[in-house]
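> When you get a sec, could you give me coordinates for this:
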Amino acid sequence: VQLVESGGGSVQAGGSLRLSCTPSGLTFDTYLIGWFRQAPGKEREGVACIMSDDDEYIHYVGSARGRFAISRDIATNTVYLQMNDLTSEDTGIYFCNAFIGGQFTWGQGLQVTVSS
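This next block holds a predicted model:
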């Protein structure tokens, strides 16, 4: 399984960005997929996750709650992370992560930079 990410970039505080993650090589229909992030000098932390076949199974962590929205496109298996009202605290590398077949798989990471 591979996770292909796109999106990210630079934005001013208060702006929005959307990240995308498309898994390939899937052999399971049910899996947990979501986003982590790692700010400079800090540990990687969870942001949001969604179950591949149940969009009512959604969880947000910390400051993502209320500002970010995770969603999925059933036709393409693509998972989106819409990030709104961004602050400098959201700056970091964002990684798509999936728990499939008992294993964790990571994307290559996307840089998100929010300037104040």
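> Tell me which stretches of the protein form strands.
Applying DSSP state E to the chain gives strands spanning 2-7, 9-12, 17-24, 32-38, 45-51, 54-60, 68-73, 78-83, 92-100, 103-106, 110-115.
> As TSV, these with mean neighbour count and mean pLDDT would be great.
For every residue, glycine as well, the C-beta is placed using N, CA and C. Below are these laid out as TSV (neighbours: other C-beta atoms under 10 Å; pLDDT from 0 to 100):
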stretch	mean neighbour count	mean pLDDT
strand 2-7	16	96
strand 9-12	12	98
strand 17-24	19	96
strand 32-38	21	97
strand 45-51	19	96
strand 54-60	12	90
strand 68-73	17	96
strand 78-83	21	97
strand 92-100	21	97
strand 103-106	12	95
strand 110-115	17	98
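> any idea how far His59 is from Asn97?
Asn97 sits 13 Å away from His59, going by C-beta to C-beta, to the nearest Å.
> and if you look at Glu45?
13 Å.
> what do Asn97 and His59 both touch?
34, 49 (C-beta atoms under 8 Å, 6 or more residues apart in numbering).
> May I have the beta-bridge partners of the most centrally placed residue in the chain?
Nearest to the mean C-alpha position of the chain, counting by C-alpha atoms, centre = their mean, stands Trp35 at 2.9 Å. Residues in a beta bridge with Trp35, per DSSP bridges, are Ala48, Cys96.
> Report whether the expected contact of it with Gly92 is present.
No. Taking contacts as C-beta atoms under 8 Å, Trp35 lies outside contact range of Gly92: 10.9 Å.
> Contacts only, for Thr78.
20-22, 72.
> no no, Asn84
Residues near Asn84 by C-beta under 8 Å, 6+ apart: 16, 67-69.
> ok, of those residues, which one's closest to Cys49?
Phe68 (11.4 Å; C-beta to C-beta).
> Quick check: bridge partners of the nearest residue to the closest one once chain neighbours are set aside?
Nearest residue to Phe68, sequence neighbours excluded (C-beta to C-beta, 6 or more residues apart in numbering): Met83, at 5.0 Å. Counting by DSSP bridges, Met83 forms beta bridges with Leu17, Phe68.
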